[in-house]
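*Asks:* model the structure of this input:
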Amino acid sequence: MEYLSAENVRELFTMEETIQAIESFYLDATEGNELTPDRMHIEDGDNTSLLMPSYYGDYYATKLVGVAPHNTNIGKPTIHGLMVLYDRQTMEPLTMCDAVPITALRTGALGGLGMKYLAKENASSLGIIGTGTQGWSHLQSALAVRSIDTVNVYNRSQDKLAKFIEAARKEFPEIVIQQASLEDVVHQSDIIVTTTTSKTPVLPKLKAADWKGKLIVGVGSFRPSMQEIPDSILEQADETYVDTPSAFRESGDMIRAKELGVDPRQTLSLKEMIERQHRPASPENQVIIFKSVGAAIFDLVTAKALYEKL
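*Replies:* Residues are numbered from 1 along each chain as shown. The predicted structure follows:
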C-alpha cells in the first residue's frame, strides 16, 4: 500500500479537480449505495478528535483527524490526521495519505461550490478572515469559480498575515492581495470567508446596508461552542444554505441560526443546490450565508478521485 505525503497530494491533485469530483458526485447517481454515519467527536479540553468513516460505490474510507486550536501559539499546524481508502468488498487498504491536504482540498472545494452557485456572477473581490490552511484553500477555490482580481486578508497574528500575503502574491502575481481591517474586508469584498476556530463572532458590527450583495462563507465553526457569524447577520440574512444538514447539529453558527428562526427544513443543502442547479433570485441585493462543516463522504470522494487518477 502506497503512502502519499502532504506534498505528494498537493502535487498530484488540484482544487479544480476536487471541485469537479464533488460536483460530479451529486450529478451522477450511477454508483450509489452511499453510507455516511455521523462523525464521532471526542472532545479533550479545547482539542477535538474526529473519526470519519464513509462508504460509496466500490470504496470505503476513514479519516482520523486531531484539531488542536492552541497549536497556533507554538507555531504548529492546527490539524493533523491520516486518510485511508479501502476496497469496499474486501476491506483491503488501497492507499493511505496525509489527511491535511485532503481536508483542505475538500473543504475549499465545498466553499468554492457555495461560491459557484450562490455568489453574484460578477463577484471580483474576496475577503479572507483567518490565514491558516483553510484560508489558503478558499483562496484557491474562489479563483477557480469566479474572476477574482482583489483579495483582502485579515488575521490577528501579523506575522502569519505577512507570510500568507507574501506566499499568495508569489503564487498568484496577477491578483492584488492586501492586508485589510475587518471592516474593510466586508466593505471591499463581494465574497467573505471566515476560517477561524473562534468561540465568539469574528465579523464586525456594521449597518445592514453594508452586507447587501455579499456572500458569507462560514468554514471554521465545527463545534456547538464555536460561532464566527454574529446574531445580527444570522437574523438579517435573506437566504441561508448549508453543505450538509448536520451543520444544524454541529456548528454553533447554525445552532444559533435555528434559535433565531432559520428553519432547517427550508434550508437547501449543497446536494439540493447542485441537483437543482439552484441560484439565488437576486444575489446582488441579498445577504447570503453558506455554512460548511464538511462530512466524511467528501473526503472519500476526494481520495477516490485522487486514487483513480493515480
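*Asks:* the residue lying farthest from the centre of the chain and residue 84, how far apart?
*Replies:* Relative to the mean C-alpha coordinate of the chain, counting by CA atoms, centre = their mean, the farthest residue is residue 90 (32.1 Å). Residue 90 sits 14 Å away from residue 84, going by CB to CB, to the nearest Å. From N, CA and C alone the C-beta is placed, and that goes for glycine too.
*Asks:* so which helix or strand takes in residue 217?
*Replies:* Applying DSSP states H and E as the criterion places residue 217 in strand 215-218.
*Asks:* show me what that strand is packed up against.
*Replies:* helix 99-118, strand 191-194, strand 288-291 (3 or more CB pairs under 8 Å, 6 or more residues apart in numbering; DSSP states H and E).
*Asks:* those strands in the stretch 51-200 of the chain, which residues are they?
*Replies:* Remark: strands assigned in the stretch 51-200 of the chain by DSSP state E, counting those that start in this stretch are 59-67, 79-87, 93-98, 125-129, 150-154, 176-179, 191-194.
*Asks:* helices of the stretch 201-310 of the chain, start to end?
*Replies:* 231-236, 247-250, 252-259, 270-276, 296-309 (DSSP state H, counting those that start in this stretch).
*Asks:* may I see the buried residues of the third one?
*Replies:* For helix 252-259, the buried set under the neighbour-count rule, 16 or more other CB atoms under 10 Å, comprises 252-258.
*Asks:* wait, which of the residues you listed is closest to residue 271?
*Replies:* When the buried residues of helix 252-259 are ranked by distance to residue 271 (CB to CB), residue 254 comes first, at 16.2 Å.
*Asks:* so that closest one sits right up against residue 242, yeah?
*Replies:* Yes: using CB atoms under 8 Å, residue 254 is in contact with residue 242, at 6.4 Å.
*Asks:* distance of residue 274 relative to residue 8?
*Replies:* 29 Å.
*Asks:* more crowded one of these two?
*Replies:* Applying other CB atoms under 10 Å to residue 274 and residue 8 shows that residue 274 carries more neighbours, namely 19 against 16.
*Asks:* distance of that one from residue 262?
*Replies:* 21 Å.
*Asks:* and stretch 150-170, what's buried?
*Replies:* Neighbour counts over stretch 150-170 (16+ other CB under 10 Å) mark 150-155, 160-161, 164-165, 168 as buried.
*Asks:* check stretch 73-81 too.
*Replies:* 78-79, 81.
*Asks:* any chance of the residues you listed in CSV, with distance to residue 194 and pLDDT too?
*Replies:* Formatted as CSV, the buried residues of stretch 73-81 follow (distance: CB to CB, whole Å; pLDDT from 0 to 100):
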residue, distance to residue 194, pLDDT
78, 15, 84
79, 17, 86
81, 22, 95
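*Asks:* quick check, nearest of the residues you listed to residue 231?
*Replies:* Of the buried residues of stretch 73-81, the one sitting nearest to residue 231 (CB to CB) turns out to be residue 78, at 25.9 Å.
*Asks:* number of nearby residues for the spatially closest residue to that closest one that is not a sequence neighbour?
*Replies:* Distance criterion CB to CB, 6 or more residues apart in numbering; nearest residue to residue 78, sequence neighbours excluded, is residue 71 at 5.2 Å. Using other CB under 10 Å, residue 71 has 16 neighbouring residues.
*Asks:* next: residue 146.
*Replies:* 22.
*Asks:* residues contacting it?
*Replies:* Counting by CB atoms under 8 Å, 6 or more residues apart in numbering, residue 146 touches 115-116, 119, 123-124, 126, 191.
*Asks:* put the buried members of the residues you listed into a PyMOL selection.
*Replies:* Here is the PyMOL command that selects the buried residues among these (16+ other CB under 10 Å):
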select buried, resi 115+116+119+123+126+191
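*Asks:* on that earlier part again, could you identify the most distant pair in the buried residues of stretch 150-170?
*Replies:* 150 and 160 (20.5 Å).
*Asks:* so which residue is dead centre in the chain?
*Replies:* Central residue of the chain (CA atoms, centre = their mean): residue 107, at 3.5 Å.
*Asks:* gap between residue 211 and residue 187?
*Replies:* Taken as CB to CB, the span from residue 211 to residue 187 is 10 Å.
*Asks:* with residue 63 instead?
*Replies:* Counting by CB to CB - residue 63 and residue 187 are separated by 38 Å.
*Asks:* now residue 255
*Replies:* Separation of residue 255 from residue 187 (CB to CB): 29 Å.
*Asks:* likewise residue 240?
*Replies:* Taken as CB to CB, the span from residue 240 to residue 187 is 22 Å.
*Asks:* many thanks, have a good one.
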